[in-house]
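Q: fold the stuff below for me.
(2 chains)
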There are 2 protein chains.
Amino acid sequence: MDKLAIGVDIGGTNTVFGFVNKEGEILYQNSIKTQTHEKVEDFIKELVSEIDKEKAKFEKEYEIIGMGVGAPNSNFYTGTIEDAANLRWKGKIEFTKIFSRHYKFPMFLTNDANAAAIGEMVFGGAKGMKNFIVVTLGTGLGSGIVVNGELLYGHDGFAGELGHVVVKTKGRKCGCGRKGCLETYVSATGVVRTVYELLASSNVASDLRDIPFNKLDAKSVFEAASLGDEIAIETFKLTGKKLGIALADVIAITSPEAIFLFGGLARAGKILFNQVNSYMEKSVMNTFKNKVTILPSGITDNAAVLGAAAMAWKETEK
Amino acid sequence: MDKLAIGVDIGGTNTVFGFVNKEGEILYQNSIKTQTHEKVEDFIKELVSEIDKEKAKFEKEYEIIGMGVGAPNSNFYTGTIEDAANLRWKGKIEFTKIFSRHYKFPMFLTNDANAAAIGEMVFGGAKGMKNFIVVTLGTGLGSGIVVNGELLYGHDGFAGELGHVVVKTKGRKCGCGRKGCLETYVSATGVVRTVYELLASSNVASDLRDIPFNKLDAKSVFEAASLGDEIAIETFKLTGKKLGIALADVIAITSPEAIFLFGGLARAGKILFNQVNSYMEKSVMNTFKNKVTILPSGITDNAAVLGAAAMAWKETEK
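A: Numbers count the residues shown, from 1 in each chain, chains lettered A, B, ... in the order given. Got it, this is the predicted structure:
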């Protein structure tokens, strides 16, 4: 009997689930709204009922080996989601415990960046790699670090907070309450902040001057850059520089084979990658020069569901 | 038949070897000079002949399970020592390959800081810990990082270069050719540099003003601090502060249970530890507050030989 894993990605707006085979093909995918239920139990009930409709069909031909769930602020060790800013359920949610009441197969929970790293390892560009990092560039900056072929979870399950390495003393105020964290510079919101700093400090003409702060997003900065807008180009250069320099320190600590850039901002392509690579090489100590490759993610579509399913494949094979 | 491991520590001056049982007791220990031979083959021959004298006696009662070697700039994966500044043999030395000609038991090579971390895990304060860091504070600053119960070697075997994380842009010139590396501030030589900066910038009376730069060492600064010398006390405070802030970033990446401070500088005790702990807690993101313990090494004597032997115990048990 062929096998399938279920991958679930819980986002602030939608929760997507899919049935994924070992080759990383999604045989079925659907979604529900994440935040309609006040109680997490009710959310899980709705999700289970949706999954079960398809599961019944698939089980005629396939064995379901397990389920992987990617969710913000979640802890692989405890199966809990803890105070996720983008979810309405506060405190420590015993997520896998509640979910497991409905299913007998094994269930694994991790945060989005770790799921992306496992997806990269099982289905993407990191196949066969034992030491690599996936940097997710979205609203914030997350990272999944793989060491000796295993996710680096650390003692409490929360390792890999690369976005909260401090790159500038007394720098930009961060959502975490501190100042100068990497994600205040290198993320979709970081890019917008950099644009505004440049618009303030220079007097170069720029189409970006016509967009109000709250409407400006990384995509419009990227579009402006493609049209040759100086401010937009300089923004991506500064963003890449900050990331390249920060990666040099991470390399000194973890010595990865490759670093994958994943997520919206990574679509900026060459303008960002060249800069990251150039500053990473300039900044890194001699021991690590010309050893680490900066790569785009090898997974283009449905990365979150694939990453979650990949975790079920990887963990059940142990 | 009881079992023994051989531990070898290759230092710039002496090479110490010992026969170590599973409880971490050294049954015999001796040393030879490291740098009398021009060729590494001749050095190994002398070392083997010294080891063999005792080995013959021990083998009547014990089985030798393997040998662990700690040496500067050495690579666990390849068994090579590469361009070690303090050794006369240059280039890439095929160390375990040459050594293995003499012995049938398995042989393992790693750098001093990694050996210290394995020693801590097998015989010291990190027994039972799966995620911790040992920071070695000597002439420079090294680190051995343990993740999921295994040494973090990274792709090329050179991970854990915590001493070369850049803590100050355009900071102090480092032996690695770059500027502002952590070890230029936090190490025996870093302490001396800080003393001189403080002597230059302040006009406080201090006994340290009577010692020439080349004679000043961390020990005399520590002695001055114990006698209440303001410059010496301020030096340790600044050193601890720099380390505490740097550790906050390492914690965000690796989330260890504990961080052990090891080596000469760690003997400064409370004055250093309190400061490291206080700045680490102040600087770390909320997720990690009050979770990570800063501890002195649990191994007081013969740490290098014990660490090397511990590696043989750990690796042969796999």
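Q: what does the pLDDT read for the most far-flung residue of chain A relative to its centre?
A: The C-alpha centroid of chain A is most remote from A:N203, which lies 35.6 Å away (C-alpha atoms, centre = their mean). Looking at A:N203, its pLDDT is 94.
Q: ok, now how distant is it from B:N75?
A: 53 Å (C-beta to C-beta, to the nearest Å). Every residue, glycine included, has its C-beta placed from N, CA and C.
Q: is chain B within reach of the host helix or strand of A:G144?
A: According to DSSP states H and E, A:G144 maps onto strand A:141-147. Yes - legend: contact between strand A:141-147 and chain B by C-beta under 8 Å from any C-beta of the partner chain is shown at A:I145, A:V147.
Q: relative to strand B:141-147, how tilted is that strand?
A: Interaxial angle, strand A:141-147 versus strand B:141-147 (axes from the mean of the first three to the mean of the last three C-alpha atoms, to 10 degrees): 80 degrees.
Q: by contact count, what packs against the helix or strand just after strand A:141-147?
A: Using DSSP H and E, the helix or strand that follows strand A:141-147 in sequence is strand A:150-151. The helices and strands touching strand A:150-151, judged by 3 or more C-beta pairs under 8 Å, 6 or more residues apart in numbering or on different chains; DSSP states H and E, are helix A:112-122.
Q: check the average confidence over the helix it packs on, would you?
A: For helix A:112-122, mean pLDDT rounds to 96.
Q: and the contacts of the following helix or strand past that helix?
A: Per DSSP H and E, helix A:112-122 leads on to strand A:132-137 as the next helix or strand towards the C-terminus. Counting by C-beta atoms under 8 Å, 6 or more residues apart in numbering or on different chains, strand A:132-137 makes contact with A:112-113, A:116-117, A:120-121, A:126, A:141-146, A:162, A:186-188, A:243, A:247, A:250, A:254, A:256-266, A:297, B:155, all of which sit outside it.
Q: and A:I294, what pLDDT?
A: So A:I294 comes in at 97 (pLDDT).
Q: got it, and A:M1?
A: 86.
Q: what is the burial count for it?
A: 8 (other C-beta atoms under 10 Å in any protein chain shown).
Q: what distance separates the longest helix belonging to chain A from the centre of its chain?
A: In chain A, assigned by DSSP state H, the helix with the most residues is helix A:230-254. Relative to its chain's centre, helix A:230-254 lies at 18 Å (C-alpha atoms, centre = their mean, to the nearest Å).
Q: can you check stretch A:179-197 too?
A: Centroid displacement of stretch A:179-197 relative to its chain, using C-alpha atoms, centre = their mean, is 17 Å.
Q: now that stretch: buried residues?
A: Residues of stretch A:179-197 classed as buried under the neighbour-count rule (16 or more other C-beta atoms under 10 Å in any protein chain shown) are A:180-195.
Q: which strand or helix spans A:F260?
A: A:F260 belongs to strand A:258-262 when elements are defined using DSSP H and E.
Q: that strand: partners in the sheet, and parallel or antiparallel?
A: strand A:132-137 (parallel), strand A:293-296 (parallel) (DSSP bridges).
Q: quick one: contacts of it?
A: A:116, A:120, A:124-126, A:129, A:132-137, A:247, A:251, A:272-273, A:276, A:280, A:292-299, A:303.
Q: again, 7 Å this time
A: Contacts to strand A:258-262, defined as C-beta atoms under 7 Å, 6 or more residues apart in numbering or on different chains, come from residues A:116, A:120, A:125-126, A:129, A:132-137, A:247, A:273, A:292-297.
Q: next, the angle from that strand to helix A:230-254.
A: Strand A:258-262 runs at 140 degrees relative to helix A:230-254, counting by the same axes, to 10 degrees.
Q: beyond strand A:258-262, next helix or strand please.
A: Next in sequence after strand A:258-262, counting helices and strands by DSSP H and E, comes helix A:270-283.
Q: in that following helix, what counts as buried?
A: Under the neighbour-count criterion of 16+ other C-beta under 10 Å, helix A:270-283 has A:I271, A:L272, A:F273, A:Q275, A:V276, A:N277, A:Y279, A:M280, A:E281, A:S283 buried.
Q: before we move on, what about stretch A:282-300?
A: A:S283, A:V284, A:M285, A:T287, A:F288, A:K291, A:V292, A:I294, A:L295, A:S297, A:I299.
Q: what is the nearest of these to B:A310?
A: Nearest to B:A310, judged by C-beta to C-beta, of the buried residues of stretch A:282-300 is A:T287 at 24.8 Å.
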